[in-house]
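> Please find the sequence and the predicted model below.
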Amino acid sequence: MKVVIYSRVSTISQDYKRQTEELKEYSQKMGWQVVKAFEEKISGAKNNEDRPKLMEMINYIKENQIDKVLCWELSRIGRNTIEVLKTIKLLNENCISLFIKNYNLETLTANCEINPLSQFMIQILTSVSEMEKTTIRQRVKSGYDSFRKAGGKVGRKEGFRKDNEASLAEHKDVAKLLRQGLSVRKIMKLSDKSSGTIQKIKKLVEAK
């Protein structure tokens, strides 16, 4: 059985390798042949057309005899309910099952028929994920609004930007490795710098 892996993280400082490696290990245990892995760092809220690796994967599975697409969890496929369902519909039309590892869900049966229970759960899970994202965004906005009304000031303190730019310049090697997606542990070995320093630079890189 030929399978491809799709792994995604949202920010440049995160690492998708854990998803890929664990899915490879599971495939080996199941006797599945992993023919290609598609990995990208991009927000799952974006439309499918704006996600290069997802589109590359879709084109690849159309042109090759692939049986399954593996992902670690449904949110890796996306956080936009409509876009996730569009992807699954396309896979179904090409008789390719989507396997979601953390829920052990298959979208298609062995006879290439839609698994109704999986379809139902996927719709619920993607809808809940999108609702949670919207709720968090609304709470953050409400909190800022209340803070401003009470006389609070939102933004960087004076000197904040200068101090941060100086830190990034001092540890530009760490910032470069973080942007390449390396883990904190790996960067510690390569740069000989402490975990605390790397975590500090990681926060600055993510804030830019």
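Cool, got the structure.
> Just list the residues touching Ser118, thanks.
Going by Cβ atoms under 8 Å, 6 or more residues apart in numbering, Ser118 touches 105-107. Yep, even glycine has a C-beta here, placed from its N, CA and C like the rest.
> Toward the C-terminus from the helix or strand where it lies, list the very next helix or strand.
Element membership for Ser118, per DSSP states H and E: helix 116-149. Sequence order places helix 160-170 as the next helix or strand after helix 116-149, per DSSP H and E.
> Show me what the mean pLDDT comes to for that next one.
Across helix 160-170, pLDDT averages out at 72.
> With stretch 59-74 instead?
pLDDT averaged over stretch 59-74 gives 92.
> ends of that stretch, how far apart?
Start-to-end span of stretch 59-74 (Cα to Cα, to the nearest Å) is 20 Å.
> buried ones in that stretch?
Using 16 or more other Cβ atoms under 10 Å as the test for burial, stretch 59-74 gives 61, 66-72, 74.
> how much space between the spatially most distant residue from the centre of the chain and Ala110?
In the chain, the greatest distance from the average C-alpha position (Cα atoms, centre = their mean) is reached by Gly151, at 37.3 Å. Separation of Gly151 from Ala110 (Cβ to Cβ, to the nearest Å) stands at 64 Å.
> quick one, strands of the chain?
For the chain, the strands defined by DSSP state E cover 2-9, 33-41, 68-71, 97-100, 105-106.
> Could you say which one of those comes nearest to Ala166?
Ala166 sits nearest to strand 33-41 of all those, at 26.7 Å, using Cβ to Cβ.
> quick check: mean pLDDT across that closest one?
95.
> Taking strand 2-9 as reference, get the angle to it.
Strand 33-41 and strand 2-9 are oriented at 20 degrees to each other (axes from the mean of the first three to the mean of the last three Cα atoms, to 10 degrees).
> C-alpha coordinates for strand 33-41, CSV please?
The C-alpha coordinates for strand 33-41 follow below in CSV (Å, rounded to 0.1, in the frame of the first residue of the first chain):
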residue,chain,number,x,y,z
GLN,A,33,5.2,2.2,1.8
VAL,A,34,5.8,5.9,2.3
VAL,A,35,6.6,7.3,-1.1
LYS,A,36,6.7,11.0,-0.3
ALA,A,37,6.4,13.4,2.6
PHE,A,38,5.0,16.9,2.2
GLU,A,39,6.0,19.4,5.0
GLU,A,40,5.2,23.0,5.3
LYS,A,41,5.2,25.9,7.8
